[in-house]
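**Student:** Below is the sequence, then the predicted model.
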Amino acid sequence: QVQLVESGGGLVQAGGSLRLSCAASGLTFNYYAMGWFRQAPGKERELVAAVGWVGGTTNYADSVKGRFTISRDNAKNTVYLQMNSLVPDDTAVYYCAAGSRYSDIVALRRGVINHWGQGTQVTISS
């Protein structure tokens with residue numbers, strides 16, 4: 001059974017930082033593109049950042065470029081999202097997602113998602 005377990009969410013002031021972690025189990029982590037999505041109240045879920053399974057290719061939403069960094073540690077089956085210079089608009093539930101085995105981040109961006117985490121709340125106060 002595949003599990004994606006997020007951690008690291010919380011409440012921080014604007015300008016602060018958070019680091020989200022997503023621990024994966026039940027899948028061959030090395031072969032999956034991974035992504036972080038977020039959903040704010042009343043808004044659609046959006047892709048924030050993605051990292052490929054080959055070569056560590058990354059992709060970011062324009063709204064987070066230069067502030068967020070996605071990374072993965074295949075030895076720990078974990079993907080991270082380092083979030084700096086946080087603003088109130090970053091407030092959302094953040095979800096970890098695994099694409100399809102051997103598919104790249106292009107497929108993940110197109111919505112090819114096989115597994116979701118349960119989400120972690122990130123709240124930024126002004």
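**Tutor:** Great, that's in hand.

**Student:** Now do the contacts for the residue positioned nearest the centre of the chain.
**Tutor:** Closest residue to the average C-alpha location of the chain: W36 at 1.8 Å, with Cα atoms, centre = their mean. Residues in contact with W36 (Cβ atoms under 8 Å, 6 or more residues apart in numbering) are 20, 22, 47-50, 70, 79, 81, 94-97. Every C-beta, even on glycine, is put in place using the N, C-alpha and C of the backbone.

**Student:** And it, what's its pLDDT?
**Tutor:** Here, the pLDDT recorded for W36 equals 98.

**Student:** Export the lowest-mean-pLDDT helix or strand in the chain to CSV, keeping only CA atoms.
**Tutor:** None of the helices or strands of the chain scores lower by mean pLDDT, DSSP states H and E than helix 105-109, at a mean of 90. What follows is helix 105-109, C-alpha atoms only, in CSV (Å, rounded to 0.1, in the frame of the first residue of the first chain):
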residue,chain,number,x,y,z
ILE,A,105,7.3,16.0,-14.5
VAL,A,106,5.6,17.0,-17.8
ALA,A,107,3.1,14.2,-17.2
LEU,A,108,2.7,15.2,-13.6
ARG,A,109,2.0,18.7,-14.6
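
**Student:** What's the first helix or strand after it?
**Tutor:** Counting by DSSP states H and E, the element after helix 105-109 in chain order, helix or strand, is strand 115-116.

**Student:** how many neighbours does S7 have?
**Tutor:** S7 has 14 neighbours, counted by other Cβ atoms under 10 Å.

**Student:** I figured it hits V122, correct?
**Tutor:** No: with contact defined as Cβ atoms under 8 Å, S7 does not reach V122; the gap is 11.6 Å.

**Student:** which stretches of this structure form strands?
**Tutor:** 3-7, 10-13, 18-25, 34-39, 46-51, 58-60, 68-73, 78-83, 92-98, 115-116, 120-125 (DSSP state E).

**Student:** Partner strands of the longest one, with direction?
**Tutor:** Spelled out, it's strand 18-25. strand 3-7 (antiparallel), strand 78-83 (antiparallel) (DSSP bridges).
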